[in-house]
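In: show me how the following folds:
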Amino acid sequence: MTRILTLFLIVSTIVSCERNKTSKKIETVNIIEFKKDSCSIRAIHSVSNDTLYYADSEGNIGHTFDNGKSWFKTSIKYKDTLVPHFRSIAVNNDTVFTLSVANPALLYKSFDGKTTLVYKEEHAKVFYDSMHFLEDGKHAIAVGDPTDNCPSIIISSDYGNTWCKLSCDELPEFEEGEAFFAASNTNIKTLGNTIWIVSGGKKARVLKSEDMGKTWEVFNTPIVQGNGPQGIYSVDFYDENNGIVFGGSYSNPDDNCANKAITKDGGKTWKLIADNQEPGYKSCVKYIPNSNGEKIIAVGKTGISYSKNGGENWSTISEDSFYTIQFINESSAWLGGPEKLGKLILN
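Out: As a prediction, the model looks like this:
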């Protein structure tokens, strides 16, 4: 009996230590801001502590290779007059891809100082929201609002050199008023061959493909939905089973009802978390790397929030307004926002 009790106390102590280690508080938060003209920056791609690529609302594609000490940019104009509004960016090795919203949709490839238009789509309803490469670097996907009765999805299977649009025969049907949000370039998540896409407006749903976009399943969520600015704005997965969606209503950012949910079965079912609790609307959510899926950061125009227990509870760690975040490692991340870029340092 004594041996059993001793063993139980040892195991309890170990488990307690592991829990304490997992739920360790953030002691200090440091945000370094880099002002970038008068533009909106919702599309960033972090490569390392020194290297960040971005695209902005005024047709600029830029980067830093020295941790923000110096910045370089290329300004794009279509036919010398139209300034693309970029909200999507993807980087594949040393090649940068940027995609504009609205009509016409313009997808550019930039490599070795040369920028080439690789896809154009003209339609009164065209509006692309997000773009990502899969882990193999060969396949890529971009998603946009419906121009017909299905989502707009374009794919590439040759490293981004050419793109084609999937037909509605290959895609789930969307309800009138269901669409995507171009808030942070994070309404797509890819992991291996699996792709998740999240919608908003009339419906707040999760589209999932396990074969790089060939076939799709659709799953409902309890996220607030029903009108234009409501729904899911961002999705992230820590692994193939555990994921989180975040959003709410852009027009009512303080509303924290039914705006965040988690899944433990790869996106088939979703459970609301911290319902009617802070924070309200956020445009981007990310798991902190190497945190066992427990530590999460969400950013938006109302500030930056942090959870140390898988999203069950949240605290505000900064009131600075940012649209999007990408982690470099467990203690630092790049940020994009209104008229600025930033670096978040956690200690």
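
In: quick one: low-confidence residue ranges for the chain.
Out: By pLDDT under 70, the weakly predicted segments of the chain are 1-25, 27, 36.

In: okay, helices next: where are they in it?
Out: In order along the chain, the chain carries the following helices (DSSP state H): 2-22.

In: longest strand anywhere in it?
Out: Looking across the chain with DSSP state E, the single longest strand is strand 332-346.

In: what pairs with Ser209 across the strands?
Out: As for beta bridges, Ser209 partners with Ile195 under DSSP bridges.

In: Leu171 versus that one, what's the distance?
Out: 10 Å (Cβ to Cβ, to the nearest Å). Where C-beta positions appear, they are placed from N, C-alpha and C, glycine not excepted.

In: against Gly144, how distant is Lys125?
Out: For Lys125, the distance to Gly144 equals 9 Å [Cβ to Cβ].

In: neighbour-wise, which of the two wins?
Out: More neighbours sit around Gly144 than around the other of Lys125 and Gly144, counting by other Cβ atoms under 10 Å; the figures are 26 against 13.

In: can you get me a residue count around Glu176?
Out: For Glu176, the number of neighbouring residues by other Cβ under 10 Å comes to 9.

In: surely it touches Lys203?
Out: No. Under the criterion of Cβ atoms under 8 Å, Glu176 makes no contact with Lys203, lying 10.0 Å away.

In: identify the residues contacting Phe111.
Out: Listed by Cβ atoms under 8 Å, 6 or more residues apart in numbering, the contact partners of Phe111 are 94-96.

In: most neighbours, which of those?
Out: When neighbours are taken as other Cβ under 10 Å, the top entry among the contacts of Phe111 is Val96 (23 neighbours).

In: surely it touches Tyr54?
Out: No. Assessed by Cβ under 8 Å, Val96 is found out of contact with Tyr54, at 9.7 Å.

In: give me the common contacts of those two.
Out: Overlap between the contact sets of Val96 and Tyr54, as judged by Cβ under 8 Å, 6+ apart, is given by 45, 61, 63, 89.

In: which of those fall in strands?
Out: Secondary structure of those is defined by DSSP E; positions in strands are 45, 61, 63, 89.

In: redo the residues you listed as CSV? Include distance to Thr190 and neighbour count.
Out: Compiled in CSV, those are given as follows (distance: Cβ to Cβ, whole Å; neighbours: other Cβ atoms under 10 Å):
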residue, distance to Thr190, neighbour count
His45, 13, 23
Ile61, 22, 23
His63, 22, 18
Ile89, 15, 24
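
In: which one of these is nearest Lys264?
Out: Lys264 lies nearest to His45 out of these, by Cβ to Cβ, at 28.8 Å.

In: which strand residues bridge the closest one?
Out: The bridge-partner assignment for His45, based on DSSP bridges, gives Tyr53.

In: do I have it right that it meets Tyr53?
Out: Yes. Distance between His45 and Tyr53: 4.5 Å, which falls inside the contact criterion (Cβ under 8 Å).

In: quickly list what's touching both of these two.
Out: Listed contacts common to His45 and Tyr53 are 89, 91, 96; contacts here mean Cβ under 8 Å, 6+ apart.

In: before we move on, back to that, which residues do Lys125 and Gly144 both contact?
Out: Counting by Cβ under 8 Å, 6+ apart, Lys125 and Gly144 have no shared contacts at all.

In: for the protein, which residue is closest to the average position?
Out: Residue closest to the mean C-alpha point of the chain, counted by Cα atoms, centre = their mean, is Thr186 at 1.8 Å.

In: export the ones in strands among the shared contacts of Val96 and Tyr54 to JSON lines and tack on distance to Leu341?
Out: Output for these, formatted as JSON lines (distance: Cβ to Cβ, whole Å):
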{"residue": "His45", "distance to Leu341": "12"}
{"residue": "Ile61", "distance to Leu341": "13"}
{"residue": "His63", "distance to Leu341": "11"}
{"residue": "Ile89", "distance to Leu341": "13"}
